[in-house]
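In: everything below, folded, please.
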Amino acid sequence: EGAHALADGRAASGRPMFSFGKQAAPACPAPVGITLSPDYGYVLLTLFASWVVNYYLIFLVVSARRKYKIEYPTLYAPDTHPNAKEFNSAQRAHQNTLETWAPVMCLMLASGVRAPRVAAAFGATWVAGRAIYGAGYAMKGPKGRVVGFAVATLGGQFPLMFLTAYQGAKMAGLM
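Out: Numbering: from 1, shown residues only. Prediction:
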């Protein structure tokens with residue numbers, strides 16, 4: 001019946017499609033289509049690249065797990081482990097990336113609808129920064145993460161936040 005809905009919210013049979021108690025639900029507006037620019041492909045390629053970096057960070061953790069003999073399901077090595085700092089640095093680089101990955105990719109996907117090249121550029125900067133962050137953290141410990149953090153956050157994450165807020169304010173007529 002959903003495919004044959006009438007403009008007033010009734011099915012083609014004349015029965016209300018949704019009801020709340022004894023009242024029929026208000027009419028639902030027609031679905032809105034979104035036309036994406038072919039440039040949105042850059043956004044999707046950046047999303048794919050983020051998965052590549054995630055697998056790179058997983059590889060660093062798995063390699064450190066084998067090298068330092070940290071068995072599953074132990075998430076972090078105890079402080080008493082002789083290589084706790086080395087293993088925990090690789091693990092933390094991956095975990096910290098996961099903490100921001102979904103929100104940053106959502107920002108990129110949303111803002112990319114209107115500004116795909118700009119959103120993809122900021123997203124790609126975040127991805128590159130997270131790769132630098134992960135490698136630096138895993139190889140040099142906490143001090144090795146600074147450059148990658150700056151690239152990812154200042155060059156990717158924050159600009160995506162501002163771009164999304166700007167687009168939202170503009171669409172809402174606040175600008």
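
In: chain center to stretch 147-162: distance?
Out: Between the centre of stretch 147-162 and the centre of its host chain there is 13 Å, according to Cα atoms, centre = their mean, to the nearest Å.

In: any buried residues in it, and which?
Out: Across stretch 147-162, burial judged by 16 or more other Cβ atoms under 10 Å covers Gly148, Phe149, Val151, Ala152, Thr153, Gly155, Gly156, Gln157, Pro159, Leu160. Where you see a C-beta, it was placed from the backbone N, CA and C, and this is true even at glycine.

In: residues contacting the last one?
Out: What that stands for is Leu160. The contact partners of Leu160, by Cβ atoms under 8 Å, 6 or more residues apart in numbering, come to Val104, Leu107, Met108, Ser111, Ala119, Phe122, Gly123, Trp126.

In: distance of it relative to Trp126?
Out: 7 Å (Cβ to Cβ, to the nearest Å).

In: do the fourth one as well
Out: Taken as Cβ to Cβ, the spacing of Ala152 relative to Trp126 amounts to 5 Å.
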